[in-house]
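# Here is my input; please provide its structure:
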Amino acid sequence: MGIMAYLANADSASFTELVEALDATRGNLSVQIRKLEDAGYISVDKRIVDRKPLTTCRITRPGRKAFNDYLEAISGVLGLKPD
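Residues are numbered from 1 along each chain as shown. Purely as a prediction, here's the structure:
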């Protein structure tokens, strides 16, 4: 959920930025990104910049909708919105 929350408020984020912001291990974050990409919730761009790999993630429209639906469901369970 951390990846989705971060990307919902950012245009995009590099892998390194996500590692630092979420205090996640690289291996764990890599697995989570792959699962979100496979689900179509984020898009991943991998390229070489100045001879170094750069991985950038963006939330997709279906990902944003799924995340918003999740937030609404959680708000309902917690009683944070009227029925």
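
# phi, psi of residue 49?
phi -130, psi 120 (degrees, to the nearest 10).

# now residue 41: how far from residue 29?
Residue 41 sits 15 Å away from residue 29 when distances are taken as Cβ to Cβ, to the nearest Å. In short, each C-beta sits where N, CA and C put it, glycine included.

# Repeat that for residue 58.
15 Å.

# Comparing these two, which residue is more hemmed in?
For residue 58 versus residue 29, neighbours defined as other Cβ atoms under 10 Å are more numerous around residue 29 (19 against 14).

# Could you list the residues in contact with the host helix or strand of the more buried one?
According to DSSP states H and E, residue 29 maps onto helix 26-38. Residues from elsewhere that reach helix 26-38 (Cβ atoms under 8 Å, 6 or more residues apart in numbering): 3-4, 15, 18-19, 22, 24, 42-44, 55, 57, 63.

# Please compute how far it lies from its chain's middle.
9 Å (Cα atoms, centre = their mean, to the nearest Å).

# List the contacts of the helix ranked longest in the chain.
Counting residues, the longest helix in the chain under DSSP state H turns out to be helix 61-77. The contact list for helix 61-77 (Cβ under 8 Å, 6+ apart) reads 1, 4-5, 7-8, 36, 39-42, 59, 81, 83.
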